[in-house]
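>>> Could you look at this predicted model? Sequence included:
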Amino acid sequence: MNKISIYITTLLLIVLLTGCDEDKPSKTELPTTDYAFVLTSDYTTGSYSLIDLDSYDVFKNPAPGHVHSDAAVRVYDNLVYIINRAGRDSIQVLDPKQNHETVTEFSTGASSNPQDIAFYRDTSGRTKAYVSVYGNSKLLVVNPESGEKTDTIDLSAYSAAGMDHPHMCMMYVYGNMLFVALQRLDSSFKVSDYSSVVVIDADQDTVIKEIRLSWTENGETVNALNPYSRFKIAPDCINNSGKELIYISCPGEFGYFYKEDGGIAAIDPETLECLPGYLVSESELNTEITDFQFGPDQKLYILTSGSDFRSSLLLYDLQTESIIKTILSNDGTGGNLCSLSLHPANLLFISDRTATNPGIHVIDISGDPRHLFEGKPLNTGLPPVMIDFNISPDRNIR
């Protein structure tokens, strides 16, 4: 090969290599803070999308298959914790500063089916995390940075008759206490005699008390069964005592076992007792209650699911104890309204899995509910499952 041929060949290689670099798609730079993290899934592929809280730009499914197709999410200390449920059985940690790459993933045990993660920072400044697992009896205590298991708390004694695990699910840290919801299902995954919440001393990692979600009414025991939603904190709206209470939705038998037998139950974190009576009952609404959020001016936003699996978002007045109106309703084309998340600026984010137009509805509830974006959901690519917010501490909310 002469010098001219070598020169031409070299030029061709440079052009080809340059063209390859130009054709290669550049990686999208994702927001590092002040965004809504939207877990998405079609229950075959799992991913996530981000919604910028200033521009409302949506970064759709930048990493399909990156997370499990059945998962939940919590954001803590500017890290995103993915709870990969049955089939992957792990906690996956994404770092926004590294473009949401996985920096740690640790197993929770084969067939453990983790449901939630909660964080506690003790007086020395040390942070530990608790992982509730549906498939066995031991609540995990882990180092959230490394995933190292530092302890377990045996909850087998709180299982339903004939079961060796209590179906622990949602958790909430209040002061130095960890509240763990126990569904206590039987071997056929139906509700048993009662459900409860176990309270754990987060400094000692010991059980303080089991709170039965039950009370006496007209001489009979009422059981709030199957705690399902995440815990919510709000003033006492049942007796108007001025206390702060912990609320959770208990839909009882629902889905294919549909029955209007539950409601929103309340726990007093001072006395560690379940308050008598539902804040709102399913029999009152003639539908099941799957999620809820408190708004200003004694208003309650309630997600419901009917016997036909259609879902609605209701606006409920706690003072008059009546439904004001239906804000959203899925159109019966598949999917459902599946979760609510409240941004500190009184913006309600609703996950809509309706097959024809899935996405996130954003409603300003600071006054009369006002649906942003002309009532259309923000498209998130795959249907949304759950939302959590990553908000910088110094962000000026409104």
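Everything's here; your move.

>>> who touches the nearest residue to residue 80 once chain neighbours are set aside in this structure?
Ranked by C-beta to C-beta, 6 or more residues apart in numbering and with sequence neighbours excluded, the top spatial neighbour of residue 80 is residue 94, at 4.1 Å. (C-beta placed from N, C-alpha, C; glycine too.) Going by C-beta atoms under 8 Å, 6 or more residues apart in numbering, residue 94 touches 79-82, 100-103.

>>> wait, is residue 94 part of a strand?
Yes. According to DSSP: H, G, I helix; E, B strand; the rest coil, the state of residue 94 is that of a strand.

>>> Identify the bridge partners of it.
With beta bridges defined as DSSP bridges, residue 94 has these partners: residue 80, residue 102.

>>> Flag the shaky bits of the stretch 1-150 of the chain, pLDDT-wise.
1-27 (pLDDT under 70).

>>> can you do 50?
2-25 (pLDDT under 50).

>>> what about the helices in it?
In the stretch 1-150 of the chain, the helices defined using DSSP state H, counting those that start in this stretch lie at 3-23.

>>> so how far is residue 379 from the residue nearest to residue 80?
22 Å (C-beta to C-beta, to the nearest Å).

>>> what separates residue 373 from residue 330, distance-wise?
For residue 373, the distance to residue 330 - C-beta to C-beta - is 18 Å.

>>> oh sorry, the question was meant for residue 234
Going from residue 234 to residue 330 by C-beta to C-beta gives 26 Å.

>>> likewise residue 292?
From residue 292 to residue 330 the distance is 17 Å (C-beta to C-beta).

>>> Next, find the distance separating residue 187 from residue 252.
18 Å.

>>> Looking at those two, which is more packed in?
residue 252 (22 against 10; other C-beta atoms under 10 Å).

>>> For that one, which residues are in contact?
191, 224-226, 259, 261-262, 282.

>>> Check which helix or strand the residue nearest to residue 329 when sequence neighbours are not counted maps to.
Sequence neighbours aside, residue 312 is the residue nearest to residue 329 in space, at 4.3 Å (criterion: C-beta to C-beta, 6+ apart). In the assignment (DSSP states H and E), residue 312 maps to strand 311-317.

>>> Likewise for residue 245?
Assigned by DSSP H and E, residue 245 falls in strand 244-250.

>>> Export the contacts of residue 94 to a markdown table and append columns for distance to residue 38 and neighbour count.
As requested, those are arranged in a markdown table below (distance: C-beta to C-beta, whole Å; neighbours: other C-beta atoms under 10 Å):
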| residue | distance to residue 38 | neighbour count |
| --- | --- | --- |
| 79 | 17 | 17 |
| 80 | 11 | 23 |
| 81 | 15 | 22 |
| 82 | 12 | 26 |
| 100 | 12 | 21 |
| 101 | 18 | 13 |
| 102 | 18 | 15 |
| 103 | 20 | 14 |
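
>>> Quickly check those for the two that are furthest apart.
The most widely separated members of these, counting by C-beta to C-beta, are 81 and 101 (14.2 Å).

>>> So for residue 360, what's the nearest residue that isn't a sequence neighbour?
Looking at residue 360 with C-beta to C-beta, 6+ apart, the closest residue is residue 378, at 4.7 Å.

>>> hang on, I meant residue 339
In space, and not counting its chain neighbours, residue 339 is closest to residue 351: 4.5 Å by C-beta to C-beta, 6+ apart.

>>> The helix or strand harbouring that neighbour - contacts with which helices or strands?
If you go by DSSP H and E, residue 351 is part of strand 347-352. Secondary-structure packing of strand 347-352 (3 or more C-beta pairs under 8 Å, 6 or more residues apart in numbering; DSSP states H and E): strand 337-343, strand 359-364, strand 384-390.

>>> following the shortest one, which helix or strand comes up?
The one in question is strand 359-364. strand 370-371.

>>> That next one pairs with which strands, and in what direction?
In its sheet, and by DSSP bridges, strand 370-371 pairs with strand 359-364 (antiparallel).

>>> which parts of the partner strand are buried?
359-363 (16 or more other C-beta atoms under 10 Å).

>>> ok and that strand relative to strand 337-343, angle-wise?
For strand 359-364 against strand 337-343, the angle by axes from the mean of the first three to the mean of the last three C-alpha atoms, to 10 degrees is 40 degrees.

>>> Counting neighbours, what do you get for the residue nearest to residue 360?
21.

>>> picking that back up, if we look at the helix or strand just after the strand holding residue 312, which residues are touching it?
Following strand 311-317 in sequence order, the next helix or strand is strand 322-329 (DSSP H and E). The contact list for strand 322-329 (C-beta under 8 Å, 6+ apart) reads 285, 299, 301, 310-317, 337, 350, 352, 361, 363, 369, 371.

>>> PyMOL command to pick out the buried ones of those?
The command below creates a PyMOL selection of those among those that count as buried (16+ other C-beta under 10 Å):
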select buried, resi 285+299+301+311+312+313+314+315+316+337+350+352+361+363+369+371
